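K.L.:
Output the structure for:
(4 chains)
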Amino acid sequence: MPVNEEARVGFYICHCGHNIANMVDVTAVAEYAAKLPNVVLSRDYKYMCSDPGQEMIAKDVEVFKLNRIVVASCSPLLHENTFRTATSKAGINQFYFQMVNIRENASWVHEDKEMATLKAKDLVRAAISRVVFHKALEKKKVPVNPDVLIVGGGISGISAALTIANAGKKVYLVEKEPTIGGYMAKFDKTFPTLDCAACILTPKMSAVLKHPGITLLSYSEVSAVDGYVGNYHVKVTRKPRYIIEEKCVGCFACIDACIFKEAKFSDEFNEGLSKRKPVYIPFPQATPQVVLIDDKTCIHFKTGKCPQTCAKACDRNAFDFDQKPVVQELEVGTILLCTGFQPFDAARAPYYGYGRYSNVYTSLEVERLVNASGPTGGHVVLRDKSKPKSIGIIHCVGSRDEKTNKWCSRVCCMYSLKLAHLLKEHTDAEIYNFYIDMRTPGKGYEEFYDKLLNEGVHFIRGRVAEVSDWAINDHEKGKLVIRVEDTLIGMVRRIPVDMVVLAVGIEPGKDAQDIRRMFNISCSNEGFFLERHPKLAPVETFTDGIYIAGACQGPRDIPDSVAQAGAAAAQALALIDSGFVELEPNTAFITEELCCGCQVCINMCPYHAITFDDGKGKSHINEALCKGCGTCVAACGSGAITQNLFEDQQILSEIYGLLVE
Amino acid sequence: MAQDKPKLKLAVYWGAACGGCCVSVLDVHEKLLDILAHADLVFWPIALDIKYKDVEEMPDGSIDITLFNGAVRNSENEHMAHVLRQKSKILIAYGSCAYLGGIPGLANFSTREELLRRVYEESESLDNPQKIHPQPSTEVSEGHLHIPSFYNDVLTLGQVVDVDYYIPGCPPQSERLVEVFMDIVSGKDLPPKGSVIGASIRVQCDECKRKKSDKKGITRFYRPWEVTDDGETCLNEQGILCMGPATRAGCGVRCVEGNAPCRGCYGPLDGIGDAGARILSAIASMLDGKEPEEISRATDSIVDPAGTFYRFSLPGSKLRRKVS
Amino acid sequence: MKYLYYPGCSLKSSGKHYEISLLAVLQKLGIEVEELENWNCCGATNYMSINENYALEITARNLGIAEKQGGDEVIVPCAACFMGFLKTQKYMESESGIRDRVNQILNHSGLSYNGKVQIRHPLDLLVNQLGADALTRTVEMPLKDLKVASYYGCQLIRPYATFDDQWNPHTMDDIARAMGATPVDWPLKSRCCSGSMTSTMTDIGLRMNYVILKEAKSRGADVIITACPLCQFNLECFQGKISRKLKDDVRIPVMYFTQLMGLAMGIPAKKLGLKQMLSPSLVLN
Amino acid sequence: MPLTEQTKQDWSPRIVAFFCNWCTYTASDLAGVSRLRYAPSTRVIRVMCSGRIDPEFVIEAFTQGADGVLIGGCHPGDCHYSEGNYKCLRRYHLLQRVIAQMGIDQRRLRLEWISASEGKRLQEVVNEMTETLRQLGPSTIREVVQTVIK
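P.N.:
Below is the predicted model of the structure:
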């Protein structure tokens, strides 16, 4: 193995309180490291990431003339930057630093102190033999495009858009549905204050539309993302409405004039509880107030033989049946993903009879039923138009269940209480809540529960076994029977009701995986977007410049979504206002003298950063496009490509150091 | 030519070699006269009747340049390597075998026992009912007979003695030898010790005239007789496995010029630790396919990958030999 | 396709009429089956609760014979056998330890099971492979106006089978419909028939059967069809006793789905084992 | 797979683990944060992408005495750099054939796709591989490489 005699390494091992020191013998490791080649100084310290820890490095560099720093502590994903900054402050290039992960990779995952210590020694030896071959590098600064893309126009996206636009930045808000508003627009009241959802949401929706800094791209989807933090190129596909958006004023004359006199197609906004025409607007306050044509049901698109009464009724010539999807390209610096969730599909819990018994409803359907602008004008009636006299609300449908989703959906207890209250108000029926645990953490939430307890709503603690129409006596005839073990009295009970409401949980949107791939971020196990750190970076992702907010990151209610949207907006604004980003200098470069022009490397690069210069007969890497994966390096038979920070010699020395004492 | 300058003393020796390297020295043709104008050949078993004992008696450092070709395969090779090191000012590992082990080095895929069994017990042309194996020492009526002992591991010259320079090739191009020799004679500054000389700093593709593109996407490889080479396109792009992308140039792309794929005899470039791993990576990087089955189909079409990628470099590679 | 046939003990004794009718129906449909040679007890549920190893080995022996006999699929009509077979297959497929251990035992008799033979229930074969239309084509006497309650019991579709909807199974309904009858929708299709509790804890056992019989009747069913010998036995043989004891007439014909099919296909009653039943007259009326 | 008492007491193999920064390294952090216990056998080397892993690194690890080499990357289709993991897979397939010819048991080299959320999977893979290597016994490769047999 080659050596570098000029390297003077300072080694530091962190106790991390007891987090490391309890499982790794830090003193032994420090003593061991002191004897390794190139090591001038070796110390252990309680908290290396603390100010005194960092200052100690600076002092040692001066006194001991150190020119390489190795810190053994936690994961580099957490504190690499901290120590690089400390290294830099101490007056040496920040890339003369190497971090050893002995917490996440050792002390937290092992039980045998001797083995964990041995492992720590190996890792330390590897880092020290690597760091001597480190080179001084500079981070490249690139300007940040101040424009922001927000994907998803639910309450999170709306809040973030307004916050960022109010700060004077340009926002593109992309929504795949014809209107913004998301699920909140479907709700009647919001818990625990019971203010009307529309009353607090629609002003924000119109503020988005009117804001000069916000460009709303509704009925559109992001189809490609390219670039890097500060400089993303985004392609947005605008789906055809067959209506020229700028011309439509939302007079709805076309809807009245549609050849279908009666609405006969399932209305998505009302969860299929009402009908709409092929030309429609999702709901009266839809934003933008622009109608659209559903080409799957429109006679014109199905047969080409429609007299187009709708278009004729439009005195603004807003109809264009030849519209095609249009791709719009955007340049933005930061991206906020607020793509929301999807409700659990109640058919996946067949034991509750959804789809089998017509009087089993999902909570979202009931939101529409109790809504004054809903399909029944706010009258809670069953499908046969009768008024229910008894209603059972089953909590945790799809949630907290090994068979379906393991997680708690966080909002169901509270919205079930809200629906119980509203249903009571609307029908005066006997209401039964079937819950596993009541989870009401939140400001005013427990008080709301208390209020419901005093409203005469029944609470039965137990997981419902099944809903069926199996009556065993006259009392149950014609009703839906809820069988449940009441765990408070230790008995199996049968509760006959007229209506069953399934409090369906929250799960990742069905396109979450596609979105994740497109934006190059990760998902946690259950499929929600993965935050950079669960506590310290809850709205950031592992891809710089891409932030997440709302229920796409995990189940959450409106207040939390809005708060998170604010946090994500603040992160984006902070980045924009700093004006530039520093890029990790782990890019690759080609030593032209060695390049033979075989062009094997060119296809290795997914970013087209490698081009072939026909004149010279050599390949060339455009550093600005290189993202530093290093795949081309391993492909080069000449060894002509080098990846900064991951040079062959550095990695080979690390391997050698790991294994050879 | 300055006659007052004393003539250089030149030795050529072969270890485990095929003789091709010696022939390559002869292949300098009339240039041999130029060489002999500046040098006296003091030892060359293929051409001169100088005994080992004569060499052993030469004063240390009395030979100016020794070209040692062939790998170190037995005790005789090793003994002479030590002797020649001692007697020579400049010891050059000449040819792929001395440099990286070469074709004889492929024996490192087997053990001594396997080889001897194959040759002395299983060979089709054999008549050895008693299964007699050669012994380093045999008692005969006249006394003890000694033959060199056959090693289990084939070694490169550099693994046995300190080597000054390496000239790669199977065999090295004669022109390169003349160039190197003339550089030494004319007193040019010699490259740092341990350098590969008489070859390019770039790989074969640099000199190869065939058309190359970035569209590799190989789905399978062919044996050369399975396809018709179009004579123009990069052989690898046609699915004919060519070691060019990771093999040092200097031969004049002889094989590819002759429409045969490069076999890798010139070895890797400077700084490449393991020639076989390097060419493996480059070749695998040209493959297409995402499903494991597709990829397997492509990789399985390479017959004997280890023997192909390490054809000339097994003893000089990181693992040196088959490890179990 | 070569179909092997594993009858199990019930189909040779108390459930003889299941076997007779099944073979008659398959013959009519042109499906040839070859009975497994030298088969043994499926292990049922009892072994599993005493010694899992023995239970798996006993079942695996049958699978090993099937594999040796060289069939693609083995038809297992009894619900309990079917579940046991599937369970064994699943364990041997997913747990290499179990697979190796069981095969080691089987090796003593020159057998092994490597998952080559697939396990099929006749319902799966008839509905999902042949299809309802093919079945309808064989009908000679459509069972017009006959209301049929399909009863699956607890083992047939849970927990391993995938050929039907576990929570609201429909394959027997599909068959009834194909035979020209009208299936009734009812919620107790896969409720427990109490198994052997009719003998061990009679009161509870009878009560559980009562619930099923009563619900089927109150939904207007003329007949209950089933695919499990134990279900059929419990529901049919105890209905007189239940009616007397609980003072509620819950008598109703309970037959195998294959017998129902045979009737519609015009197969003579004696070839369907209807004589073996306790209440054939109810059916023929 | 739970770690048996046996594994803890007996010799513990050393596995050089090349993990990509975005998926498997993050999964290993997650395993740490979740305090999932696993065998103390792995020694992680972080690379940005599994596509960076040069076959020479694997050979070097074996040469220097690694009992096993584990490569961890993002699942197919999930590579942070789009397709680096496929490039890794192609090299891995060819490398597996070469190491087999070199007399190295193929079970000593393993490639696993472990996403950032699969801390549990990481634990399983490490424990499984540790158990496999324990059954194979210590690698003698370094000894063979270093001891010339004449």
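K.L.:
Low-confidence regions, chain D specifically.
P.N.:
Along chain D, segments meeting pLDDT under 70 span D:1-9.
K.L.:
can you rerun that using 90?
P.N.:
For chain D, residues meeting the criterion pLDDT under 90 lie at D:1-11, D:77-78, D:80-83, D:150.
K.L.:
Over to the stretch 1-150 of chain C?
P.N.:
C:1-2, C:14, C:41-55, C:70-72, C:93-98, C:100, C:114-116.
K.L.:
Give me the below-cutoff pLDDT ranges for the stretch 51-200 of chain B.
P.N.:
Using pLDDT under 90, the stretch 51-200 of chain B drops low at B:175-190.
K.L.:
Strands along that one, start to end?
P.N.:
Counting by DSSP state E, counting those that start in this stretch, one finds strands in the stretch 51-200 of chain B at the ranges B:63-69, B:72-74, B:88-94, B:137-140, B:143-146, B:150-155, B:165-167, B:195-196.
K.L.:
What strands flank the first one, and is each parallel or antiparallel?
P.N.:
On the basis of DSSP bridges, the sheet neighbours of strand B:63-69 come out as strand B:8-14 (parallel), strand B:88-94 (parallel).
K.L.:
so how far is the last one from its chain's centroid?
P.N.:
On the basis of Cα atoms, centre = their mean, to the nearest Å, strand B:88-94 sits 15 Å off its chain's mean C-alpha point.
K.L.:
Kindly report the same for stretch D:106-116.
P.N.:
Taking the mean of its C-alpha atoms, stretch D:106-116 sits 6 Å from the chain's own mean (Cα atoms, centre = their mean).
K.L.:
Wondering if that stretch reaches chain B at all.
P.N.:
No: with Cβ under 8 Å from any Cβ of the partner chain as the criterion, chain B is not reached by stretch D:106-116; the gap is at least 9.9 Å. For the C-beta atoms, the positions are set from N, CA and C on the backbone; glycine is no exception.
K.L.:
That stretch near chain A at all?
P.N.:
Yes: using Cβ under 8 Å from any Cβ, stretch D:106-116 comes into contact with chain A via D:115-116.
K.L.:
And stretch A:164-184, end to end?
P.N.:
Using Cα to Cα, to the nearest Å, one end of stretch A:164-184 lies 21 Å from the other.
K.L.:
Could I get the pLDDT score of the spatially closest residue to A:Cys396 that is not a sequence neighbour?
P.N.:
Spatial nearest neighbour of A:Cys396, chain neighbours left out: A:Ile436 (5.3 Å); criterion: Cβ to Cβ, 6 or more residues apart in numbering or on different chains. A:Ile436 carries a pLDDT value of 97.
K.L.:
before we move on, back to that, a markdown table for the strands of the stretch 51-200 of chain B, including mean neighbour count?
P.N.:
Converted to a markdown table, the strands of the stretch 51-200 of chain B look like this (neighbours: other Cβ atoms under 10 Å in any protein chain shown):
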| stretch | mean neighbour count |
| --- | --- |
| strand B:63-69 | 26 |
| strand B:72-74 | 24 |
| strand B:88-94 | 24 |
| strand B:137-140 | 9 |
| strand B:143-146 | 9 |
| strand B:150-155 | 21 |
| strand B:165-167 | 25 |
| strand B:195-196 | 17 |
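K.L.:
want to throw those strands into a markdown table with distance to A:Leu78?
P.N.:
Conversion of the strands of the stretch 51-200 of chain B to a markdown table gives the following (distance: least, Cβ to Cβ, whole Å):
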| stretch | distance to A:Leu78 |
| --- | --- |
| strand B:63-69 | 56 |
| strand B:72-74 | 52 |
| strand B:88-94 | 50 |
| strand B:137-140 | 67 |
| strand B:143-146 | 68 |
| strand B:150-155 | 48 |
| strand B:165-167 | 47 |
| strand B:195-196 | 45 |
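K.L.:
tell me the phi and psi of the closest residue to A:Asp294 other than its chain neighbours?
P.N.:
In this structure, A:Asp294 finds its nearest non-sequential neighbour in A:Pro278, 5.0 Å apart by Cβ to Cβ, 6+ apart. Main-chain torsions, A:Pro278, degrees, to the nearest 10: phi -60, psi -30.
K.L.:
So A:Pro278 is in contact with A:Phe265, correct?
P.N.:
Yes: in terms of Cβ atoms under 8 Å, A:Pro278 counts as a neighbour of A:Phe265; the distance is 6.7 Å.
K.L.:
Residues that sit against both of those two, list them.
P.N.:
A:294, A:297 (Cβ atoms under 8 Å, 6 or more residues apart in numbering or on different chains).
K.L.:
What residues does the residue nearest the centre of chain C make contact with?
P.N.:
The centre of chain C sits closest to C:Ala227, judged by Cα atoms, centre = their mean, with a distance of 3.0 Å. With contact taken as Cβ under 8 Å, 6+ apart, C:Ala227 is in contact with C:77, C:79, C:121-123, C:152-153, C:156, C:172, C:256-257.
K.L.:
Thanks a lot, catch you later.
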